[in-house]
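Chemist: Mind looking at a prediction? Sequence and model below.
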Amino acid sequence: MAKKLFENKKPESVDKQLDTLEAIRQRKEEIIAQETETIKNIRAGFQETVVMFIDMVDSTKFKTANVETPEKWILRVRQFSEIVREYISECGGRVVKYIGDELMAVFPRASKINDAINLLNRIKDLQRDLSEITGEPTTIKIALDFGQVYFLEYDGHNEPDPQGTPIDRCARISKYCRPGTALTSFELVKNSDNTRLWSLVGEAELKGIGTTRIYQFGESTIEIKETTEIPITDLTTLKEKINKQQSDLENITLQFKEAESINGELAQKLKEAGEKVPEDLIIQNEDDDNECEQNWDRIKSKISALKKMIYDCPSPQYEYGRFLFLHMQDEYWEYNSYTGDTFDTSIESNLLRVTGEKYYKLDTSNRRNKKAIELMDEIEFDLEKFESECREDNDNDLFDYSLKSPEFWSKYVGITVTR
């Protein structure tokens, strides 16, 4: 039998390579299938949620003041977290993250926006309870938002971590919050049952998000003031340019004064010679043109101080503002058994007093009220001067620049003072 010189057989190494390639192909298909399923699950996992950040005001300052007694601020942070968690739970939400003296909560129920608003209506109660339990005056500030949120699960974490644009936007908005206030975006406001609960306070350029309209819960007491961060080198260059411009301006001012002096001497010589002085020889100073604008800026600064005084008071801002307005009118608030207005917080804070006839009036012996009245008198005096010196006669302009005008309070103080 003749021996076959060649056998129809592939080398063993080639078979192994083919098996490896087949295994790789199958694994690739598995990965693609898993990726497709994961993408599907992630997209289906987004849900409409209200997210809320609650921050304890001035906690860092309290820590610094108690460096030698750290147990004080640690206990206070713990009490803050526990009390706020109870309030959130009662309103249908849950805490998902603790961040030092701040916590993040979500409201996932169908009534999520109303649940969150329910908590906002209790801000003063929450601050009072925090102050009583911690033994320290405690205020909070709140930012909240609404939208599609994904709850990402991490190993070792009991609570999934909320992710999404509403969280990022809410965190950006929080920097504009002030003690005792709550801010949100248009997304939450437009989905609220009652949009009149919110007041537009302005627009802000939020990093990574863009221009965003920001709303405050209740009366508007906040002004959005934009700030920009720039590198030190750019800041140094900018300062150098400003210094140079200031130097150039000073040189121009001196040259102007020198020209005034020369022209004055020349005009005097022409007069002595019996000649007529040309009009273009006399340099006119235009500084007076800006006087009205400067006066109005000073008035606005005082109005801002008044707004801060109203905002910092322990009673509701709109309530205190209304009684300040009534004081300017030399009027009072008569008790109405139908509405049942009692103003307990303002009375307990010695801001109001009740007369024997059941009239509510400002307590003029109160230190805060004294300062507010003094400031309002200054503003009213400045407004009267502004009206007489700077306002142009216009029969169609019926706006009254006065703290005795409800329209003025609404436009410049941001408080509706009429019932």
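Modeler: The structure has been received and is ready for your questions.
Chemist: Okay, and Ala372 sits in which element?
Modeler: Assigned by DSSP states H and E, Ala372 falls within helix 367-390.
Chemist: what's downstream of that helix, the next helix or strand?
Modeler: Heading C-terminal from helix 367-390 (DSSP H and E), you reach helix 406-408.
Chemist: coming back round to it: quick one: contacts of the helix holding Ala372?
Modeler: For helix 367-390, contacts defined as CB atoms under 8 Å, 6 or more residues apart in numbering pick out 291-292, 295-296, 298-299, 302-303, 305-306, 309-310, 313, 324, 327-328, 351, 362-364, 401-404. All C-beta atoms are positioned from the backbone trio N, CA, C, and that covers glycine.
Chemist: switch the cut-off to 7 Å
Modeler: Helix 367-390 has contacts (CB atoms under 7 Å, 6 or more residues apart in numbering) with 292, 295-296, 298-299, 302-303, 305-306, 309, 313, 324, 327-328, 351, 362-364, 401-403.
Chemist: same deal with stretch 205-218?
Modeler: The contact list for stretch 205-218, computed with CB under 7 Å, 6+ apart, reads 120, 168-169, 172-173, 176, 181-186, 189, 197-204, 222, 224, 226.
Chemist: now do stretch 317-326
Modeler: 219, 221, 310-311, 313, 332-333, 343, 346, 351-352, 362, 372, 376, 409, 413, 415-417.
Chemist: buried stuff in that stretch?
Modeler: Buried residues in stretch 317-326, counted by 16 or more other CB atoms under 10 Å: Gln317, Glu319, Tyr320, Gly321, Arg322, Phe323, Leu324, Phe325, Leu326.
Chemist: go on, stretch 411-419?
Modeler: Under 16+ other CB under 10 Å, the buried positions of stretch 411-419 are Tyr412, Val413, Gly414, Ile415, Thr416, Val417.
Chemist: with these in mind, which one is nearest to Lys358?
Modeler: Of all the buried residues of stretch 411-419, the one with the least separation from Lys358 (CB to CB) is Val417, at 20.9 Å.
Chemist: pull the CA atoms of the helix holding Ala372 into PDB?
Modeler: Written as PDB, here are the backbone C-alpha positions of helix 367-390 (Å, rounded to 0.1, in the frame of the first residue of the first chain):
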ATOM      1  CA  ARG A 367     -35.500  99.000  67.300                       C
ATOM      2  CA  ARG A 368     -35.900  97.300  63.900                       C
ATOM      3  CA  ASN A 369     -39.000  99.400  63.200                       C
ATOM      4  CA  LYS A 370     -37.200 102.600  64.300                       C
ATOM      5  CA  LYS A 371     -34.400 102.000  61.800                       C
ATOM      6  CA  ALA A 372     -36.900 101.000  59.000                       C
ATOM      7  CA  ILE A 373     -39.000 104.200  59.600                       C
ATOM      8  CA  GLU A 374     -35.900 106.400  59.600                       C
ATOM      9  CA  LEU A 375     -34.600 104.800  56.400                       C
ATOM     10  CA  MET A 376     -38.100 105.200  54.700                       C
ATOM     11  CA  ASP A 377     -38.200 108.900  55.700                       C
ATOM     12  CA  GLU A 378     -34.800 109.300  54.100                       C
ATOM     13  CA  ILE A 379     -35.900 107.600  50.900                       C
ATOM     14  CA  GLU A 380     -39.100 109.600  50.800                       C
ATOM     15  CA  PHE A 381     -37.200 112.900  51.200                       C
ATOM     16  CA  ASP A 382     -34.800 111.800  48.400                       C
ATOM     17  CA  LEU A 383     -37.700 110.800  46.200                       C
ATOM     18  CA  GLU A 384     -39.400 114.100  46.600                       C
ATOM     19  CA  LYS A 385     -36.200 115.900  45.700                       C
ATOM     20  CA  PHE A 386     -35.700 113.600  42.700                       C
ATOM     21  CA  GLU A 387     -39.300 114.300  41.500                       C
ATOM     22  CA  SER A 388     -38.800 118.100  41.700                       C
ATOM     23  CA  GLU A 389     -35.300 118.300  40.200                       C
ATOM     24  CA  CYS A 390     -34.900 115.400  37.800                       C
END
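Chemist: how does this protein divide into domains?
Modeler: If you go by automatic domain parsing, the domain ranges for the chain are 45-217, 290-392+399-413.
Chemist: what separates the first one from the chain centre, distance-wise?
Modeler: Its chain's C-alpha centre and that of domain 45-217 lie 13 Å apart, by CA atoms, centre = their mean, to the nearest Å.
Chemist: got a list of contacts for stretch 402-414?
Modeler: Residues from elsewhere that reach stretch 402-414 (CB under 7 Å, 6+ apart): 219-221, 303, 306-307, 321, 325, 328-329, 376, 379-380, 383, 399-401, 415-418.
Chemist: of those, buried ones?
Modeler: Judged by 16+ other CB under 10 Å, buried ones among the contacts of stretch 402-414: 219-221, 303, 306-307, 321, 325, 328, 376, 379, 383, 401, 415-417.
Chemist: Low-confidence stretches in the stretch 201-350 of the chain?
Modeler: Flagging of the stretch 201-350 of the chain using pLDDT under 70 yields the residue ranges 226-227, 277, 279-289, 335-342.
Chemist: for it, what spans make up the helices?
Modeler: Along the stretch 201-350 of the chain, the segments classed as helices by DSSP state H, counting those that start in this stretch run 232-272, 291-311, 317-328, 344-348.
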